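after the sequence you'll find the predicted model.
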Amino acid sequence: MTVLERLKLELANKEYMTDTEYIVFIKENNLDETTTYDKATMQKELLLTVLDILEVVSNDVDIMRKVETEFSTTSDAYKYLEKRIAQIKDRIASLPIEDEEYSPFSLMYTRK
């Protein structure tokens, strides 16, 4: 599965934008849309891409209106997007930081 395909899967195959626009967001987060997706090394960047796209959608009422949704009002759609954005931010925060050895005790003993 390519990065672009995985991005669409993460967005539940909702056509918020065109593939060309998705590719711009993918490249902004240092990914290549044609590369095979590797969760171990690309998950954080992909989630940041999803976050960028959902923030653009939530800030543009016209995009929300043209997307076929199960919501009866734009306000309902906005509330859902805000909740989804918060969930993605939580997922990003829960990812382990690569190349960094973390110990809760290290913070206690770094006082100058």
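Looks like it arrived, so ask away.

please count neighbours and contacts with C-alpha atoms only from this point.
Fine.

residue ranges of the helices in this structure, please?
For the chain, applying DSSP state H gives helices covering 3-10, 19-28, 39-58, 61-66, 74-94, 104-108.

got the ones you listed as a markdown table, with mean neighbour count and mean pLDDT columns?
Formatted as a markdown table, the helices of the chain follow (neighbours: other C-alpha atoms under 10 Å; pLDDT from 0 to 100):
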| stretch | mean neighbour count | mean pLDDT |
| --- | --- | --- |
| helix 3-10 | 18 | 95 |
| helix 19-28 | 16 | 96 |
| helix 39-58 | 17 | 93 |
| helix 61-66 | 14 | 74 |
| helix 74-94 | 14 | 86 |
| helix 104-108 | 8 | 57 |
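
for residue 73, see how far away the most centrally placed residue in the chain is.
Taking C-alpha atoms, centre = their mean, the centroid of the chain lies closest to residue 50, which sits 2.3 Å from it. The spacing between residue 50 and residue 73, counted by C-alpha to C-alpha, to the nearest Å, is 23 Å.

residue 44 too?
Residue 44 is 32 Å from residue 73, by C-alpha to C-alpha.

same question, residue 90
To residue 73, residue 90 is 26 Å away according to C-alpha to C-alpha.

what of residue 96?
Taken as C-alpha to C-alpha, the span from residue 96 to residue 73 is 38 Å.

again, but for residue 63
In terms of C-alpha to C-alpha, residue 63 sits 13 Å off from residue 73.

likewise residue 7?
In this view, residue 7 and residue 73 are 26 Å apart by C-alpha to C-alpha.

what of residue 64?
The value you get for residue 64 to residue 73, if C-alpha to C-alpha is used, is 10 Å.
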